[in-house]
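>>> Quick check, what structure comes out for this input:
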Amino acid sequence: MSSAEHTVFVSSATGYQGLALSKKLREIGWNVHATTRDLSSPAAVTLKEIGVQLKEADWDRLDVLRESIKGCHKLWLCLLPDWDDPTRERRQCANMLDIAKEAGVKQVVTSTTLGVSQLDANVRVYPGSFMEKHMLNKKDVENSVEERGFEHVTFLRPTFFMANFLEPKVKRYEEIRDHRSWTTSMTAETQLPILDHLDIAKFAVAAFQDPEKFHGRKIGLASDQMGIQEMLSMLAEAADQPGSIKAHFMTDEEIEAQAQGTGFANTHKVLRTASDYIDFDELRAIVPSLTSFKEFLEREKETVRRTYPPRNE
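Numbers count the residues shown, from 1 in each chain. Reported below is the predicted structural model:
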């Protein structure tokens, strides 16, 4: 298909979201342009094999970025935080959007975070915390998209990834992997919305295929929802080690004592209210076949077992 109307520049194409979306777009015959820092990486090789037009460069190489976006009608905007340089994400966002606007891109579908919904609702986040910086950066990304006046814009706001429990993402939650426990500021009553990254691609494709219907929408994304211990028990069961992973719920005193910390445990208090910003009826009206956590674990069973080998090995 050569039509520019069906040509998408996919940022972060070698990442979880971008790779899934690129595959989905190619399945329906759409053209995909992308850049990667390493053309020899496994993800880049996969992209080339399915026909993605791929150029080697990072997002600070504006000349290559401009060449890659040229001829694209649509943009998938999914940027990565850089905690060593907090300004980088916003700078790269501005550059990519300006180039897209100059190139005649008409539609932008953006992936940010459910935290933007919570910021908009004035949910308390610890000042200066990792979570606050992340949420503010993503809100700024959304503002940047809106300010440039593209014909059609859609914001997808993912919640907690199911893949966070597995290699390689589990390195952020190494306590679960290494000690088979999760110390968290969520509670035993928290119903945590969780998301399969493959479902994000389904929502993005729906938005790209119907720009008018999805214009201006800000959609909190989740695939399933459950209690923390229930989730960990399912994970342990999938690893053939039933009952081996336990949640430790922090007291309010423990949370306040760590309020200025840089880890995830205390900042995850904001996830206590995440379910308030998910409308499963709305989501199933768009994607009827959302992936349950059980289905995800079955699909990723090999990775589950590799991430959680028996403790006596």
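>>> If you count neighbours, what's buried in the host helix or strand of residue 303?
Using DSSP states H and E, residue 303 sits within helix 301-307. Using 16 or more other Cβ atoms under 10 Å as the test for burial, helix 301-307 gives 303, 304, 307. No exception for glycine: its C-beta is placed from N, CA and C like everyone else's.
>>> and what of stretch 248-258?
249, 250, 255, 258.
>>> quick one: contacts of that stretch?
Residues outside stretch 248-258 that contact it (Cβ atoms under 8 Å, 6 or more residues apart in numbering): 181, 182, 183, 184, 185, 186, 187, 188, 228, 265, 266, 269.
>>> Could you pull up phi and psi at the fifth one?
It refers to residue 185. With angles defined as degrees, to the nearest 10, residue 185 shows backbone torsions of phi -90, psi 0.
>>> Grab the nearest non-local neighbour of it.
Nearest in space to residue 185, with sequence neighbours left out and distances taken as Cβ to Cβ, 6 or more residues apart in numbering, is residue 269 at 3.9 Å.
>>> For burial, what's the neighbour tally of the one you found?
24 (other Cβ atoms under 10 Å).
>>> re earlier: pull the distance from the helix holding residue 303 to the chain's centre.
Chain-centre distance of helix 301-307: 21 Å, with Cα atoms, centre = their mean, to the nearest Å.
>>> For it, what does the pLDDT average out to?
Across helix 301-307, the average pLDDT comes to 97.
>>> Please save the CA atoms from that helix in PDB.
The C-alpha trace of helix 301-307 is given here as PDB (Å, rounded to 0.1, in the frame of the first residue of the first chain):
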ATOM      1  CA  LYS A 301       5.000 -18.900  29.900                       C
ATOM      2  CA  GLU A 302       8.500 -19.400  28.700                       C
ATOM      3  CA  THR A 303       9.600 -16.000  29.800                       C
ATOM      4  CA  VAL A 304       7.800 -16.400  33.200                       C
ATOM      5  CA  ARG A 305       9.800 -19.600  33.900                       C
ATOM      6  CA  ARG A 306      13.000 -18.000  32.800                       C
ATOM      7  CA  THR A 307      12.400 -15.000  35.000                       C
END
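>>> Residues touching it, excluding its own?
Helix 301-307 has contacts (Cβ under 8 Å, 6+ apart) with 165, 166, 167, 170, 177, 235, 238, 239, 240, 297.
>>> Nearest to residue 64, out of those residues: which one, please.
residue 167 (30.8 Å; Cβ to Cβ).
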